[in-house]
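[1] Below are the sequence and a predicted model; questions follow.
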Amino acid sequence: MATLLLVRHGRTTANASGVLAGRTPGVELDETGRAQARSTGDRLAPVPLVGVVTSPMLRCEQTTQAILDARSSNPGVWTDAALTECDYGQWQGLTLKDLAKDDLWPIVQRQPSAVTFPGGESMAAMQARAVTAVRQRDAAFEAEHGPGAVWVAVSHGDLIKSVLADALGMHLDLFQRINVGPASVSIVQYTPTRPNVVAVNTDGGDLAWLAKSSTTTAAEAAVGGGAGTGAGSGHSTSTRS
């Protein structure tokens, strides 16, 4: 099975000012976000990536470039519109402080599967396109490069959360329980029997263990939890906000 690394873009000027950027063009990483992206690039540098697929939004392209800049040789790079930000419609460009007063806000928090943003996209449609895109790419990379293939998808917070919710077997209404911080790395393997979530929302730790083989995690779950990816692998999960 291939291994998918879900990378959220680094912090942006909109994130820092509390604005819902959505698909607004030209939103860039701020100084903190550039440093976060470089750090993620350094973490991924030892991993033999077969490809990087990015959302077309500038902030994701900048994060992708930071990942490439840290490497001695570059994998193939693709842009996929299916990984782009949710279309927040009329919410786009507004402050989170103001949006929290909207009647739709509590539904976004408690029942996102019922939400269609005014003039925009439903959260269910966002999840459907994202999950379809990463599963198709994953299968294609594995078919071309074999079961040890490791690849990166650079995307957005809500979109990555929705992919993780699907992989965890969670209803979309529970996806707000998942945190995906700027420039974080989450790891999913689509095994022959079910998705396997290896890590969620990591912003530190050695990822060099991925260079050995993505098949270190068995397709079947080990009773008792198994031995992990090996002593000193250093991979972990975190729940930062």
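    Now that the structure is in, tell me what you want to look at.

[2] Any buried residues in the longest strand anywhere in the chain, and which?
    Criterion DSSP state E: the longest strand present in the chain is strand 195-202. By neighbour count with 16 or more other CB atoms under 10 Å, strand 195-202 contains the buried residues 195-196, 198-202. The way it works is simple: take the backbone N, C-alpha and C, and place the C-beta from them, glycine included.

[3] Put the alpha carbons of it into PDB.
    Provided in PDB are the C-alpha atoms of strand 195-202 (Å, rounded to 0.1, in the frame of the first residue of the first chain):
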ATOM      1  CA  PRO A 195      -7.900   3.000   5.700                       C
ATOM      2  CA  ASN A 196      -5.100   3.100   8.300                       C
ATOM      3  CA  VAL A 197      -4.500   6.400  10.100                       C
ATOM      4  CA  VAL A 198      -0.900   6.400  11.100                       C
ATOM      5  CA  ALA A 199      -0.600  10.000  12.500                       C
ATOM      6  CA  VAL A 200      -2.700  13.100  12.800                       C
ATOM      7  CA  ASN A 201      -1.700  16.800  13.000                       C
ATOM      8  CA  THR A 202       2.100  16.300  13.700                       C
END
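
[4] Which secondary structure elements does that strand sit against?
    Using 3 or more CB pairs under 8 Å, 6 or more residues apart in numbering; DSSP states H and E, the elements in contact with strand 195-202 are helix 157-167, strand 185-190.

[5] 10 Å - rerun?
    Strand 195-202 sits against strand 3-8, helix 123-145, helix 157-167, strand 185-190, with contacts defined as 3 or more CB pairs under 10 Å, 6 or more residues apart in numbering; DSSP states H and E.

[6] Redo the ones you listed as CSV? Include distance to residue 102 and mean neighbour count.
    Output for the helices and strands packed on strand 195-202, formatted as CSV (distance: least, CB to CB, whole Å; neighbours: other CB atoms under 10 Å):
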stretch, distance to residue 102, mean neighbour count
strand 3-8, 24, 27
helix 123-145, 15, 18
helix 157-167, 16, 24
strand 185-190, 29, 23
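
[7] can I get those in CSV with distance to residue 103 and mean pLDDT?
    Formatted as CSV, these follow (distance: least, CB to CB, whole Å; pLDDT from 0 to 100):
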stretch, distance to residue 103, mean pLDDT
strand 3-8, 28, 98
helix 123-145, 16, 98
helix 157-167, 20, 98
strand 185-190, 32, 98
